[in-house]
Every structure is written in C-alpha cells, then in structure tokens.
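Student: sequence isn't available, so here's the structure alone:
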C-alpha cells in the first residue's frame, strides 16, 4: 500500500496559507485488491524531525488527529486550538493502517503560513514614520508584530508599466527563503535575474476593492551570499485598464467612454522571509528603499495590445550587478481598498507551443502565420532589423482568403483594427525576441506587419512566430478517444475550448470579453471535472461571487463584476445560482465541504432576494431563459428559472444540514416543496386530449400551450416530475427530439443531452451533432474550426467560446460511460455504449481516489470486452446489457467467474469483463 497523492482542499499551492482551518485529503495505491484503510492518523508539526516520532515534542506539535478508525480519505478537518503560527513552516504526514494492521506513511509534506489572522496591509500613512496620532488608533494591531503584514504598497505614482528592484546583502545563505508578493494589475517576479516561478498574470483577477490576492514563491535556490536583488515588472491588467494613446480596444467602459478602473496607480508589495540555522528570521519588505523606473513596455492592455520599445530596455536590470543609481526611489502608495488573501487557485502558466503550419506573405511588408489550432495564447516572435523599426503584431481567429486577419462581426471590427501590439527594435544586429508580458488573446492566426521573410527586402526580417497556449495550471485528469474520427475531432475542439477559458476565473471567451460570466461555472462543471482538477479554482470563484453580492442579496451575472450590466444581463438566476450550486459541486465531485460555512449566509440572502421575484406563488420568469437559442432569444423562462430556483433551495438545505442548522434546513425543505407544487400546478398539462401523454408547457405563448423538449428535460433532470408521470414526460421529450434537431440554447443544452443519455439514445445525439446545417457541432469542424463558436452560426465575433460545450459531459458520461454515484467517485457507475455505433472507446479519469480507466471493445457483432481499472477505496458498478446472453469477469490471475444479474459490483483492481450479446 502506498499513499500516492495528498494535499489540502481548496489550495493549489501551499506557501501562503492564511487560514486557521484546513482540510486534508489523500489517495492510496495498492497491488492487493482486498486492501483497505482501517485507521488513519495525521500529524502537523513545526519541525520535520518530529514526524518520525510516535510521541512528538508537544512544543512543536501543531495538531494531531490521533488514531482514527475510519476509511475516509477526504475532507479531514484540521483546526488547531490556537490556530497556525504566522510565517512558519509546517510539516505534516499521513499514517494509515491496513486490514492486517500494517503501517504505511506518506511522504513528508510541507506548507508555509502567511498571516492567518491578518488580511489588512497597512497604507504607508499608518506607519510610525509619520502621523503618529493615526498610529495610536491601530496600536493593538501594530503591537501584534508576529501576525501583521510589514510591507507597504509602492510604485512611481503613475499608471504605466514600471520596473522595481531592491538590492540587499546576505552574509550567509538562508536555509529557506519564502517570498510573498502582489502587484496590480499583474506582475512578473525575478530574483537575481531568474524568474521566481513559471506563473503568468499574477495575481489572479478579483474585485480589488474587496479582495487582493498575493502569491508566494520558494526562492531559496535563487539566493546566495553577497549582493542579491529582487526584480518586479509591473503592468496594468484589469486594475488600471489602458487604451493607450491610439485608442486601443478596452472593453469595460461607461457610456461616456471613460474606462472602469479599480485604481490609477500601479502598485506592488512584497515580503521576503529569510530563515537561517537556529531560529533567526529576517524580512526584506517593499518600502521607499526600493528603486523604480518606467518600463520599456509602455502600454500593457489586457486585451492583447502592448507597446514595447527595445531601445528603452535596460539589459540586466534585475541582476545583482546592475547600476541603479539613476533610478528613482519608489513611492509609498495608498494601494487598493481590498484586503489581502492568499492566491488559492492554480496559477496561470504557459502550456503547449504551436508552431505554424503555414507561413506566407500576402503583400510586401506583411507576413501571416497559421498556427493550426485556435487557443488562448501569448505569441512570441523573433525579428531582426534596424534600430527604430516598428513592428505591428495582430491576432485573429478568422482570416480573409488572402490570410490576413478578419473580424467577421461588423459590430466588433475594432478587434481587427484596434487590438495589436507594437514593437520598436533596438537594432542589435541579432534577432530580437518579443513576447507580451501582461496580455493574452485567443488566436489561430498571427499577422506581423513591417517585416519580410526576405533578407534582401530592406525590411526587418522575421525569423519566427509561435503561439504559446496560456491557461490555468489546474491538473489534467481525463482523456478519451473513440473509433469515430469526427467524434475525436469534436473532442479535441471541446478540449481546446475548455482549456482556453480557464484562468484565475472561468470565462466563456478569452478574446472578446474575458469576463467572469457565472453560468459557465456550474453548467460546465460536470464536464470540466472529467478533464481538469477544478476544486481550488471553484473555491476562488466562490470568493469572487461573495465579493460581488449586492446588499439586497442579488448575485450579478458575472464575478468579478467589472462592468455593470442592465436588466436580465445583471440579474438572472441561471447565472447567480452559481453561489448555491458550486458548494454542492465541490461536495459531489471532490468530497469537500470547506466552503460551506462562508457561503451559506450569502446563499440564504440570495434565496430571500429571489423570493421577491416570485410570480404566481413561486415561479421565476424574469431572466434570460434559454439564452443562445435563436442566438439570444430568452424562452422557457418559467421552466428553466423556476427549476434552477428549486435546485438552489435544495442546495441551501444541504448546506444548512452540513452546518447542523436542522431547523433552517427544514425551512428550506418546505420552501422547495412549495416551489415543486407551484411548478407542477402551472406548467404540468394533464388535460390536453390532443396529445397522448401528460407534458410540460412553457408560458412563452400563454395561454397557448407548447410541448418542447427543453420543458420536459428541465423537469426530468431537476426531479420535478411526479413519479406517475415519468414515462409520459419522457415520451413527450422524445417526440420533440425525434427529428434529431437541436432546439436548445446554452442553458437547455446540458439538460437536453443528459435526458437523451437517460433515454439511451446516442443515435439522436450524434444525429444532432452531425447536422449539415446549424445548429450543428460538426458543421464547425467541416468549416475548418478547431474550437467552438459563441453561437450556432458560421461566423461569430468569438470562435473560442466554451458556452456550448456541455456536450463534453455527455461524451464522458454516456460514451465512455463513467459517472460518479457518491461523493468524489467513492462509488461510480460504468455504463458503456452497448447500443451505439461505437465499436471502440478508451479513456481514463484521475479521480479523487485514483485513476479510473475504461476500454470498451466490440470484438464482433455479438461480443463485447471491457478492460477496467478501479482505484483503491472505491466501488465500481458496471451496467450490463439487458438482453445479454452471458457475462464473465476476470481479475489478474484469478479464475474467470460468471456474472448473474444486470449489474456487476467491483472493488479495487484491474478487470476484464466479457459479454455475449
């Protein structure tokens, strides 16, 4: 038995823990398929050596779960009586006992705390340097030296990118060096000329008036004796959006064309904590002793527009030997209003590099590149030319026949003309490399102007241009492939659409808007959890939602909310419901309840707000309905929004029970029961003699009745159908989808496909997917697209939208056949596509308990073979065909056994199942 992976719920990295309560998890591997975990024990200490002792030094022991009889491996609460010590290394180890009382230890794990009881960074005016009368007000806070931030925000007082540096001497090399840092809008950190990490666009985007994230880096290996230097390159991001002097595109603006800003001064703070042998601990902080100068990047627009003048670049500026005597002292600044919190979500990093599949020059001075794949990207070019030469770099998801960039939507032509980067060469006689520091976009095509492929043209020569995929560092979990090439192409397009919209928030469009629309978080969560570990990102998104909630209880449609949207684009339950649904998603897919204490009060307030919008005793019909059907027409409002309201109430009831608030849980149970009754009283039609079944109508054409698939699917998927009418409603659903045409918008799509999965109709799904005319997924691919478009149109303003991607869930759940049954896949279902056109499906998902792999092979028309891997601590329920003649199962060297019944329950191990149809 081996503890293969362990961690802390809700934290991707663990070098700045700023809470006094954490929850542990671990996964186990074992070659013994009968092995079980009988006991566990977790020790947390401040001295790694103490983990080797059965009786650790009490003065160094932070927390001891003691020996617990349990097979639980997730959501284990650690809450020390006195909290965690600030700025301290903590070491922890898991010990488990198996069924024969053998002991198994995890590797030693480490986390480092920041200041768990302080989320306030002092403005410089609160410092003892001046205004001592102000400091008296905060005297108790200042006296708690160990648990407060020491650094102050610094900058040059301006809103253009800057370089900051701090030189300091070390008499000896520290045994550990942890750097806390934050820079707004975004910053790149270096130590002695080397990047502090592989992060990009730190810190994550938040509502900076409420919350500012700091990041942490272990820079022990970057430091040495003698002179050292910290370097910071600071740019704008969303914090202080900049359209530049030539009116570049920057979306969030008011009607008078003034841009929405959180602040007008780019700012940075940092604390470098140095630890030496013994107990010596010193701190280097950001203050007025730092030096600053303007950056060679003179425009940093998050919408993929940067200006960079290589002539202004100071080579070696962040190295220890650089002479900064002409740089100015940094200015202490007020900084943002928000409190400081550790960046819990995965950082944004660079992934794959796309080399061009086609390079051509449509006209003199223009070179165009086709990267072959649309994706969120930071481009990188290498150009050689004379000093002062200006290079323009444009990006696009669509091109004209000659290969030049095109925005097909006339309302967004500014993305063709007003989104570009300008690079001015320094003329070194060597290829000069440029890549953006603070911006990204979605692009398949790169157009470089002012250059040539020909060295004799008199223009600068471009040597290369590549795209580098930028996305969240969330761990990759799943992959699947089939024997159908068109399905595999669609799976690939879905993957790139999803991956291109995950950053420090989940957007639906990395090119046009970049906003944190909330509907994609919960609608796509059941699909995304198959392919990426989303737990810590959802945790952060919930913080964004809490920060965006209004005093009335309303949860707006986006978080962070940088631009106020009006009407249903501001207040729609199918977007705002993410507040209530995400905690249940975390519980369902990751077995974690760590967010519930902070979310529950806000969720109650949101339900009280939604209650004020009820009509006819409980219906909700004031939002966007099935957004995206007929491009943007809102329909099925009462069906969709009331069903979501019902589900929200159930989730709030779950949270109340988790917190032990049983009286409140009962209140929400009765509340949801009332909505159930109202839903059926107004929408369920039982007296229509013109149809052979009971069905649900929308109120779109009231008092006329309709009977579309989405109305039936919403009721079925949300458990709103009385038991005696289940078969009727499924019949009504199947009647409306019998022609294999998609009649659903963004919201309804997920429930359309899930109902078709329940009906065992993969043929209808694939017919919908393969339609020649829109709505059709394969039409996108036939026209050469490599990601999903915003709507079912041939040409859209955005061609890297994940909004329509809920079909990804159907592929994993109904084609690979994998669905969780209990929390975190402790029990899961495998239901392969026996009655489908697929002869071979193979895939795997690294679930919270370990790797689940499935391979379905139709060996001939009457035989099926399943190869399965079931991880430790889990149970797989394999569904078998209802009309099969024979089934047998084998495991390793064990004898093959016959299977009786229509379900096969399997514990951990590797299995082969043979089925005769």
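Tutor: Thanks, I have it. Predicted model only: the values in this text are computed from it and were never measured.
Student: and residue 482, how many neighbours?
Tutor: By the criterion of other CB atoms under 10 Å, residue 482 has 23 neighbours. All C-beta spots, glycine's among them, are computed from the backbone N, C-alpha and C.
Student: show the backbone phi and psi for it.
Tutor: phi -130, psi -180 (degrees, to the nearest 10).
Student: residue numbering should commence at 532 henceforth.
Tutor: Noted, 532 is the first residue going forward, which turns the last one into residue 1013.
Student: got a pLDDT number for it?
Tutor: Model confidence at residue 1013, given as pLDDT, is 98.
Student: can you name the residues that contact the closest residue to it other than its chain neighbours?
Tutor: Once flanking residues are discounted, residue 1013 sits nearest to residue 1372: 5.0 Å by CB to CB, 6 or more residues apart in numbering. Each residue near residue 1372 by CB atoms under 8 Å, 6 or more residues apart in numbering is listed here: 1011-1014, 1346-1348, 1363-1364, 1385-1387.
Student: among these, which one lies nearest to residue 1168?
Tutor: Residue 1168 lies nearest to residue 1346 out of the contacts of residue 1372, by CB to CB, at 31.8 Å.
Student: now do the contacts for the closest one.
Tutor: Residue 1346 neighbours (CB under 8 Å, 6+ apart): 1011, 1013, 1018, 1293, 1364, 1367, 1369, 1372.
Student: tell me the least confident of the residues you listed?
Tutor: residue 1364 (91).
Student: mind listing what's buried in stretch 1270-1279?
Tutor: 1272-1279 (16 or more other CB atoms under 10 Å).
Student: just checking, residue 547 touches residue 645?
Tutor: Yes - contact criterion CB atoms under 8 Å: residue 547 and residue 645 qualify, at 4.3 Å.
Student: shared neighbours of these two, anything?
Tutor: 711, 745, 747, 873.
Student: any chance of CSV for these, columns neighbour count, distance to residue 1245 and secondary structure?
Tutor: Below are the shared contacts of residue 547 and residue 645 laid out as CSV (neighbours: other CB atoms under 10 Å; distance: CB to CB, whole Å; DSSP: H, G, I helix; E, B strand; the rest coil):
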residue, neighbour count, distance to residue 1245, secondary structure
711, 27, 47, strand
745, 24, 42, strand
747, 24, 44, strand
873, 23, 39, strand
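Student: and the furthest pair within these?
Tutor: 711 and 873 (8.7 Å).
Student: shared neighbours, those two?
Tutor: 547, 645, 745, 747.
Student: make TSV from those residues and add pLDDT and distance to residue 1110 to it.
Tutor: Putting the shared contacts of residue 711 and residue 873 into TSV (pLDDT from 0 to 100; distance: CB to CB, whole Å) gives the following:
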residue	pLDDT	distance to residue 1110
547	97	26
645	97	27
745	97	25
747	98	28
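Student: so what strands line up beside the lengthiest strand in the chain?
Tutor: Across the chain, the longest stretch assigned as strand under DSSP state E is strand 897-915. When pairs are called by DSSP bridges, strand 897-915 turns out to pair with strand 889-894 (antiparallel), strand 963-965 (antiparallel), strand 972-980 (antiparallel), strand 992-1003 (antiparallel).
Student: tell me the mean pLDDT for that strand?
Tutor: Regarding strand 897-915, the rounded mean pLDDT is 98.
Student: of the shared contacts of residue 547 and residue 645, which is the nearest to residue 1044?
Tutor: residue 745 (26.7 Å).
Student: nearest spatial neighbour of that closest one, chain-adjacent residues omitted?
Tutor: Nearest non-adjacent residue to residue 745, counting by CB to CB, 6+ apart: residue 713, 4.1 Å away.
Student: that neighbour in helix, strand or coil?
Tutor: Under DSSP: H, G, I helix; E, B strand; the rest coil, residue 713 falls in the strand class.
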